[in-house]
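> sequence and predicted model, in that order:
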Amino acid sequence: MLDEEVVIKAPKHASERLLIVNVALLVCASAFFFGGTSELGMGILIAAGILAPINMIVYKSVWIDAPPNVNFLYTLALFPYIVSFALMVAGLCSPAIESLIIGSNTYYSLITENFSPIVSATPDILIPILAELCTLSIVACALSLYFLTDSRYIIRYILILCGLFAVALALAGFLMDFIRNQNSALSIPFLGSASFSTFPDKFHWASYATIWAGAFMAMSIYTNQTFTFRHFFYSLRFVCILCAGVLLASILCTATPIQAVSALAIAGVGFAFLAVDTLPTISNLNRHYTQRSWKPFKKRFIRGGTPMYAYTVLSLICLVSAGMMFADSYADPEERLLVNSKDPYSMNLAQRESLVVNGMNLIKDRYLFGWGTSSYTALTAFMQDSDFGDDPWLSPKSDLLQKIIENGIAGLVLHMLTPLMFLLLWLFRRRFSLPGTLMLLTVLCVAATGIIDFPFQSPAVMLGIWVLMMSAFRWDNAKVV
């Protein structure tokens with residue numbers, strides 16, 4: 001490389017290094033601090049998220065080959081979430097909850113005759129502000145990955161780095177569960193009995209692990225295959241498959257039936273893609289055995305086809321297991337894929353149905369702009385049925401339902417606009433690689449559970465979805481460097 005090329009490329013490399021640090025910091029910190037649900041975890045997300053737009057500005061100013069409209073497109077993709085933040089601020093100016101202080105006690109009441117189209121039913125105005133800033137930080141960080149780098153090597157490095165941290169958390173979770181099972185008196189009070197690793201909710205961990213298991217499977221497809229067992233066990237492909245296996249084991253220990261089925265299906269499709277990648281064609285085999293002749297049909301498919309057969313068997317095991325689990329859970333009237341009947345901390349189907357009914361009642365009055373960000377808990381304190389107890393529920397166990405309750409149809413459209421635009425762009429480009437397709441399939445599976453469950457309530461899960469989604473959209477348009 002010429003000296004002037006080194007000087008020219010140095011600014012971009014600096015921006016890419018900051019991108020790696022930014023994404024890894026947000027992903028690892030949010031997961032370590034209780035899935036981002038703690039105040040400290042959310043604070044780190046917001047603080048580190050500021051680096052993404054700053055990095056984009058610096059990148060455009062110092063990198064001479066940067067697209068001329070990159071900052072405009074970056075801002076345009078982020079604009080729906082800026083509008084969502086503005087709507088939240090407008091709602092705070094028209095509160096739907098009033099407080100009354102009697103003696104030393106503070107009492108709240110819901111204002112049902114507030115005719116303003118945009119309101120906020122949140123007693124503490126800091127909560128919705130932090131929630132919207134957290135979303136802005138997550139989206140800004142993920143979008144910077146798409147617009148700042150065009151190198152598959154950088155994307156792979158980021159995904160493997162973040163995935164390795166998820167594997168470390170999974171191993172720590174297995175150890176904590178083992179110790180807890182040996183002595184029930186040893187517990188972690190601030191995590192609770194339904195926790196796994198650093199995640200207070202097993203369901204959130206299962207979603208988080210599914211994201212990075214899918215990322216590892218996608219990266220194993222991209223990594224070159226070695227056709228000898230001796231070399232295979234020292235290859236990056238084996239490491240990726242092994243890490244995906246560890247995460248899959250943690251998912252099967254913690255997930256609801258629909259999550260377990262989705263994770264097994266993703267693994268099955270991943271192994272099927274690996275089988276396609278190792279088809280014993282002459283050109284494929286000659287990449288690794290230049291001194292041998294693979295023209296004889298029998299020699300090629302018996303000796304050279306061993307990896308393909310192994311991946312095919314693993315794919316069938318995963319897919320058949322997913323099908324059997326789906327059939328058994330759907331036939332069980334206590335599960336119907338939504339509830340793990342073996343988990344004593346899982347809510348039953350009747351409670352889920354009641355939450356949906358209560359949520360639909362909240363939507364009737366304010367279906368366009370909703371009751372305001374982070375208002376669901378306060379609303380249930382006023383309106384939930386007596387069979388749910390005295391404490392208000394934090395979620396209706398459906399991210400879709402909660403989004404419409406809090407932000408209305410307008411908020412739902414705003415939050416789906418940017419992903420849909422990127423999806424259409426990806427489809428029109430008509431370049432679909434196996435790793436990119438598997439990453440996007442993983443994102444769709446985890447995001448789809450938000451219809452019947454609440455993965456987006458964990459900032460770590462939301463960030464993982466956005467990072468993997470932007471990686472998938474960028475992958476097929478990136479350079480193989």
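Ah, there it is.

> drop to CA atoms for contacts and neighbour counts, all remaining ones
OK.

> contacts for the helix or strand containing S84?
Element membership of S84, judged by DSSP states H and E, is helix 70-92. The set of residues that contact helix 70-92 without belonging to it, under Cα atoms under 8 Å, 6 or more residues apart in numbering, is 56-57, 60, 118-120, 125, 128-129, 132-133, 135-136, 139-140, 143-144, 147, 372-373, 411, 414-415, 417-418.

> mind listing what's buried along it?
Within helix 70-92, the residues that qualify as buried by neighbour count (16 or more other Cα atoms under 10 Å) are 70-71, 74, 77-82, 84-85, 87-92.

> so how far is that helix off the chain centroid?
Distance, stretch centre to chain centre, for helix 70-92: 21 Å (Cα atoms, centre = their mean, to the nearest Å).

> now swap in stretch 367-386 and tell me
25 Å.

> model confidence over that stretch, on average?
For stretch 367-386, the per-residue pLDDT values average out at 82.

> list the buried residues in that stretch.
Along stretch 367-386, the positions that meet the burial threshold by neighbour count (16+ other Cα under 10 Å) are 367-380, 384.

> inside helices: which ones of these?
Residues of the buried residues of stretch 367-386 located in helices (DSSP state H): 376-380.

> next structured bit after the helix or strand of the chain with the lowest mean pLDDT?
For the chain, scoring each helix and strand by mean pLDDT, DSSP states H and E identifies helix 297-302 as the least confident one, at a mean of 64. Proceeding N to C from helix 297-302, the next assigned helix or strand is helix 306-331, under DSSP H and E.

> can you give me how far that following helix is from the chain middle?
When C-alpha coordinates are averaged (Cα atoms, centre = their mean), helix 306-331 and its chain have centres 24 Å apart.

> could I get the buried residue list for that helix?
Using 16+ other Cα under 10 Å as the burial criterion, the residues of helix 306-331 that qualify are 306-309, 311-319, 321-322, 325-326, 329-330.

> before we move on, what about stretch 88-107?
Neighbour-count burial for stretch 88-107, counted by 16+ other Cα under 10 Å, picks out 88-92, 94-97.

> contacts only, for Y367.
For Y367, the contact set (Cα under 8 Å, 6+ apart) comprises 404-405, 408-409.

> what about 7 Å?
Y367 makes contact with 404, 408-409, according to Cα atoms under 7 Å, 6 or more residues apart in numbering.

> where do the strands sit along the protein?
Assignment of strands within the chain using DSSP state E yields the ranges 97-102, 105-110.

> low pLDDT regions in the stretch 51-200 of the chain?
103-104, 106-107, 114-115, 183-192 (pLDDT under 70).

> what about the helices in it?
With helices called from DSSP state H, counting those that start in this stretch, the stretch 51-200 of the chain shows them at 51-62, 70-92, 126-148, 152-182.

> with the stretch 201-350 of the chain instead?
Using DSSP H, counting those that start in this stretch, the helices of the stretch 201-350 of the chain run over 202-222, 229-232, 236-254, 257-277, 282-286, 297-302, 306-331, 349-365.

> so for the fourth one, what gets flagged as buried?
Residues of helix 257-277 classed as buried by neighbour count (16+ other Cα under 10 Å): 257-275, 277.

> before we move on, what about the third one?
In terms of neighbour count (16+ other Cα under 10 Å), helix 236-254 has its buried residues at 236-252, 254.

> report the angle between that helix and helix 152-182.
Relative orientation of helix 236-254 versus helix 152-182 (axes from the mean of the first three to the mean of the last three Cα atoms, to 10 degrees): 40 degrees.

> average pLDDT for helix 236-254, rounded please.
In this model, helix 236-254 has an average pLDDT of 95.

> any residues touching it, and which ones?
Helix 236-254 is contacted by residues 167, 170, 202-203, 206, 209, 213, 216-217, 219-220, 223, 232, 260, 263 when judged by Cα under 7 Å, 6+ apart.

> next: the first one.
The contact list for helix 202-222, computed with Cα under 7 Å, 6+ apart, reads 156, 159-160, 163, 166, 194-196, 199, 237, 240-241, 243-244, 247-248, 251, 254-256, 263, 266, 270, 274, 435, 438-439, 442-443, 446, 455, 458, 461, 464-465.
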